[in-house]
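*Asks:* Have a look at this prediction, sequence included:
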Amino acid sequence: MLLKPNEVQKVANMFMNAAHEDEIELVNKLYEALKGGNKEEADRLMDEFIQDIEEHFSLEEEMMREAEFFAYPMHKAEHDNMRKEVAKVYEEWKKSKDASYVIKFLEEVFAPWIKLHVATMDSVTAIHIGD
């Protein structure tokens, strides 16, 4: 397991919490498939992961726009940077099926990023948006 559910803090918005919980579950499944050498399952989960990232970020961005959140540009910029990183990893996976490359990204980039992003950006955003 890469991310324990309690490692990503809860925020003051149930929709954001649900999106985070779903994403953690998906990332853990992907991580286990990669570590276990199940490339077929990992391939399916990589497709799901890139789609999930877009849906998760788009949901938050829509809520921020509707609430006229003051830090929307900064928060969206963080999302856009991670979108680019995930897309790069996805493209590399589709070309090479190199599990170690994706594992390294999940361990060293994505897991630390999601914990920090939720604790900082998402927690402030959730307070502004409310439940």
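*Replies:* Structure's in. What do you need? Predicted, not measured: the structure shown is a model, and the values here were computed from it.
*Asks:* So which residue is dead centre in the chain?
*Replies:* By CA atoms, centre = their mean, the mean C-alpha position of the chain lies nearest to I53, the distance being 5.3 Å.
*Asks:* Give me the distance between that one and G37.
*Replies:* Separation of I53 from G37 (CB to CB, to the nearest Å): 24 Å. To be clear about C-beta, it is placed using only N, CA and C from the backbone, and glycine gets the same treatment.
*Asks:* wait, the residue nearest to the centre of the chain sits on R83?
*Replies:* Yes. Assessed by CB atoms under 8 Å, I53 is found in contact with R83 at 6.5 Å.
*Asks:* And the helices in this protein, which stretches?
*Replies:* Per DSSP state H, the chain carries helices over the ranges 14-35, 39-66, 72-96, 99-105, 111-117, 123-129.
*Asks:* what residues does the fourth one touch?
*Replies:* Outside helix 99-105, the residues that touch it by CB atoms under 8 Å, 6 or more residues apart in numbering are 30-31, 34-35, 37, 39, 42, 46, 85, 89, 92-93.
*Asks:* Also the first one?
*Replies:* Contact partners of helix 14-35, identified using CB under 8 Å, 6+ apart, comprise 1-3, 5, 8, 10-11, 39, 41-42, 45-46, 48-49, 52-53, 55-56, 59-60, 63, 99, 102-103, 106, 110-111, 114, 118, 122, 125-126, 129, 131.
*Asks:* For it, which residues meet the burial criterion?
*Replies:* Using 16 or more other CB atoms under 10 Å as the test for burial, helix 14-35 gives 16-17, 19-20, 23-24, 26-31, 33-34.
*Asks:* what do you get for the fifth one?
*Replies:* The neighbour-count criterion (16+ other CB under 10 Å) identifies 111, 114, 117 as the buried residues of helix 111-117.
*Asks:* Just the closest of the residues you listed to Y72, please.
*Replies:* H117 (14.7 Å; CB to CB).
*Asks:* ok, E78 - contacts?
*Replies:* 117, 121.
*Asks:* 10 Å instead, please
*Replies:* Contact partners of E78, counting by CB atoms under 10 Å, 6 or more residues apart in numbering, are 57, 71, 113, 116-117, 120-122.
*Asks:* Farthest pair within those?
*Replies:* Distance extremes for the contacts of E78: the farthest pair is A71 and W113 at 17.3 Å, using CB to CB.
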